[in-house]
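>>> Sequence and predicted structure below; questions after.
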Amino acid sequence: MLLIEVEINRSDIHGIGLFCKNDIAKGTKVWMFHPVFDIILDDDQVRDLPVTAHEFLKIYGYRSVQTNELIVNLDLSRHINHSDQPNLVSDADSNYYAAFHILAGTELTCDYREFSVSGVNEF
């Protein structure tokens, strides 16, 4: 669940991305897992969904490196793009923080390898 004000905008990284509306001080918590906004899906339930749902999950879902569970973020955080030099970093509890002072209008990025099993989701 996002804890800051954001907006979707055009991204040089991947077409669209998530941008902060205000400056974010270094160390500010910007995202945390919350079961209302971040859902865990059961593979058995997902398996029989139509192809269109599988395509959506391949883009917006991820498998947790900690639990291998399939997770989908329901808020705009699913538009945060990957970077090898991200401006958001996580702690051991998968909370995300500003790695340094981030200016308003900056695209937010994280390193997908910190939370997601690599590869395409299979159901």
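Okay, I see it. Numbers count the residues shown, from 1 in each chain.

>>> just the strands in this structure please.
6-11, 15-20, 29-31, 38-41, 61-63, 70-73, 81-82, 88-90, 96-98, 109-110 (DSSP state E).

>>> mind checking which of those strands is nearest Leu49?
For the strands of the chain, proximity to Leu49 was assessed by CB to CB; strand 38-41 is nearest, at 9.4 Å. Bear in mind the C-beta positions are built from the backbone N, C-alpha and C, glycine included.

>>> Please identify the buried residues of that closest one?
Within strand 38-41, the residues that count as buried by 16 or more other CB atoms under 10 Å are Asp38, Leu41.

>>> okay, the residue sitting furthest away from the middle of the chain: pLDDT?
Distance from the C-alpha centroid of the chain peaks at Asp48, with 24.8 Å (CA atoms, centre = their mean). Here the pLDDT value assigned to Asp48 is 91.

>>> How much space separates the closest residue to Arg10 other than its chain neighbours from Asp91?
Using CB to CB, 6 or more residues apart in numbering and skipping the chain neighbours, the partner closest in space to Arg10 is Ile16 (6.4 Å). Taking CB to CB, to the nearest Å as the measure, Ile16 falls 27 Å from Asp91.

>>> ok, and for the longest helix that the chain contains, which residues are buried?
Assignment by DSSP state H gives helix 51-60 as the longest helix of the chain. For helix 51-60, burial by neighbour count (16+ other CB under 10 Å) applies to Leu57.

>>> So, low pLDDT: which residues of the protein?
For the chain, applying pLDDT under 70 flags the ranges 119-123.

>>> mind giving me the domain split of it?
Following automatic domain parsing, one gets these domains for the chain: 1-33+77-105, 38-73.

>>> now, of these, which is deepest in the fold?
domain 1-33+77-105 (a mean of 15; mean count of other CB atoms under 10 Å).
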